[in-house]
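Trainee: below are the sequence and a predicted model; questions follow.
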Amino acid sequence: MLEEELIAVLALQKAKGVGDIIAKKLITHCGSAQNVFAEKKLLLEKINGVGSERLKYLNDKKYFKLAEKELSYIQKNNLTTCYYQNENYPIRLKQCIDAPLLMFQDGNINLENPKVISIVGTRKMTLYGRDFVNQFIEELQPYNPIIVSGFAYGVDITAHKVAIKNKLQTIVVLAHGFEQIYPKSHKKHVHQVNENGGFYSEFWHNEDPLQKNFLKRNRIVAGMSEATIIIESAERGGSLVTADIANSYSRDVFAVPGRSTDSLSKGCNNLIKTNKAGILTSAKDLIDALNWELKSNQPKAIQKQLFIDLPKEEQKVYDFLVSKGKMHIDSIALDCNIPVYKLATLLFNMEMKGVIRPLQGKLFEVIN
């Protein structure tokens with residue numbers, strides 16, 4: 001992205017009353033962030049869902065001055081910017097309507113592996129929870145998943161540390177800017193995380209860890225992951241909010257059950273009881289549900305193309321399934337670069353035409 005466009009994106013991100021959803025609408029309509037500021041406000045106000053109130057402060061020149069200062073910090077600290085239209089933006093998060101317009105990245109994050117899971121839970125983790133995290137991640141190690149969490153006390157930091165111990169990539173999503181680390185006691189883990197993954201934040205460098213920021217952070221944790229795992233949670237807590245967000249994105253959610261008398265298992269037990277989460281008793285439960293397979297050096301046989309007249313995008317999905325075999329809907333969306341909401345309709349149409357069939361666990365395969 002050119003520097004002038006990045007400054008415009010930063011200014012739009014900072015503009016009071018706009019927000020991520022409206023900002024994307026404006027950019028889609030105008031073609032770029034620079035064009036948004038060049039367009040007449042009267043025309044922008046007519047865009048569906050925008051209106052005059054949201055654009056009240058759009059032309060305040062202070063946003064560009066602030067954006068230039070933020071860009072200086074980004075360049076000085078060698079941060080990477082992840083714009084929602086760029087290839088380095090997490091593809092699953094890109095499919096979420098309220099995903100951040102722009103994120104800042106530090107470390108050595110590599111998202112080539114589609115196996116991305118988030119692990120969250122209580123800050124007051126018990127020995128039961130700690131032991132489960134250790135065994136769970138250790139059993140997942142052969143599948144080389146990316147472990148995402150929020151760097152908080154308890155389950156979060158344990159998941160990051162165990163991932164590093166097992167030589168797995170781990171990603172921290174911050175609820176504040178890069179100028180600080182919260183909690184301060186976890187600053188000692190920053191270098192190891194950067195060596196084995198890295199950090200994301202949508203907040204400018206000097207933003208504090210306010211309560212509202214943690215709620216915003218949770219949508220990134222849930223949105224970029226194939227599945228969200230709740231290890232331990234009381235009847236109320238931030239991890240349950242993350243579970244709700246993951247469910248709203250139609251992502252898989254799993255919870256570790258506990259004794260009915262344990263206060264830190266009530267949240268997980270309730271998720272399972274109300275069918276908001278699948279029960280998770282071991283790594284095998286997750287592996288089976290997500291249909292993870294170990295990589296094989298054996299090349300997959302490519303089936304012959306049938307003489308079927310399909311629209312371009314359906315043909316793209318069909319060819320992908322022919323070459324790969326049965327695949328999870330998220331993997332299809334990822335490789336075919338089709339949003340999940342749109343892909344679901346395509347898959348239904350293809351099923352009605354008798355060329356594919358759905359399987360358990362959101363899997364699909366070609367009918368021979």
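Mentor: Looks like it came in fine. Computed from a predicted structure; not experimentally measured.
Trainee: C-alpha only now, for contacts and for neighbours.
Mentor: Will do.
Trainee: low-confidence stretches in the stretch 151-300 of the chain?
Mentor: Residue ranges of the stretch 151-300 of the chain with pLDDT under 70: 295-300.
Trainee: quick one, helices of it?
Mentor: 155-165, 190-195, 211-223, 238-248, 266-273, 283-290 (DSSP state H, counting those that start in this stretch).
Trainee: list the buried residues in stretch 22-41.
Mentor: 22-27, 30, 32-34, 36-37, 41 (16 or more other C-alpha atoms under 10 Å).
Trainee: what's the answer for stretch 91-105, then?
Mentor: Buried, per 16+ other C-alpha under 10 Å, within stretch 91-105: 91-96, 98-105.
Trainee: distance from it to the middle of the chain?
Mentor: Centroid displacement of stretch 91-105 relative to its chain, using C-alpha atoms, centre = their mean, to the nearest Å, is 7 Å.
Trainee: then stretch 133-145?
Mentor: 20 Å.
Trainee: which residues touch the residue most central in space within the chain?
Mentor: Nearest residue to the geometric centre of the chain (C-alpha atoms, centre = their mean): residue 224, 1.1 Å. Contact analysis of residue 224 by C-alpha atoms under 8 Å, 6 or more residues apart in numbering lists 90-93, 116.
Trainee: in strands only, show me those residues.
Mentor: Using DSSP state E, residue 116 are the members of the contacts of residue 224 that sit in strands.
Trainee: about what we covered before: so which of the buried residues of stretch 91-105 sit within helices?
Mentor: Those of those mapping onto helices are 91-94, per DSSP state H.
Trainee: quick one: strands adjacent to whichever strand or helix holds residue 357?
Mentor: Residue 357 is located in strand 356-359, with elements delineated by DSSP states H and E. If you go by DSSP bridges, strand 356-359 pairs up with strand 363-366 (antiparallel).
Trainee: now the strand it pairs with, how far from the centre of its chain.
Mentor: 24 Å.
Trainee: now do stretch 26-46
Mentor: 28 Å.
Trainee: ok, stretch 255-275 next?
Mentor: That offset, for stretch 255-275, works out to 25 Å (C-alpha atoms, centre = their mean).
Trainee: ends of it, what's the gap?
Mentor: 10 Å (C-alpha to C-alpha, to the nearest Å).
Trainee: ok, stretch 116-130 next?
Mentor: 21 Å.
Trainee: do stretch 146-157 as well
Mentor: Rule used - C-alpha to C-alpha; the end-to-end distance of stretch 146-157 is 15 Å.
Trainee: likewise for stretch 314-333?
Mentor: Start-to-end, stretch 314-333 (C-alpha to C-alpha) is 12 Å.
Trainee: what does stretch 317-335 give?
Mentor: Note: stretch 317-335 ends 9 Å apart using C-alpha to C-alpha.
Trainee: buried ones in it, by neighbour count?
Mentor: Buried-residue list, stretch 317-335, by 16+ other C-alpha under 10 Å: 317-322, 324-334.
Trainee: repeat for stretch 338-349
Mentor: 338-340, 343, 346-347.
Trainee: circling back: JSON lines please, covering the buried residues of stretch 22-41 and showing secondary structure.
Mentor: Listed next are the buried residues of stretch 22-41 as JSON lines, based on DSSP: H, G, I helix; E, B strand; the rest coil:
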{"residue": "22", "secondary structure": "helix"}
{"residue": "23", "secondary structure": "helix"}
{"residue": "24", "secondary structure": "helix"}
{"residue": "25", "secondary structure": "helix"}
{"residue": "26", "secondary structure": "helix"}
{"residue": "27", "secondary structure": "helix"}
{"residue": "30", "secondary structure": "helix"}
{"residue": "32", "secondary structure": "coil"}
{"residue": "33", "secondary structure": "helix"}
{"residue": "34", "secondary structure": "helix"}
{"residue": "36", "secondary structure": "helix"}
{"residue": "37", "secondary structure": "helix"}
{"residue": "41", "secondary structure": "helix"}
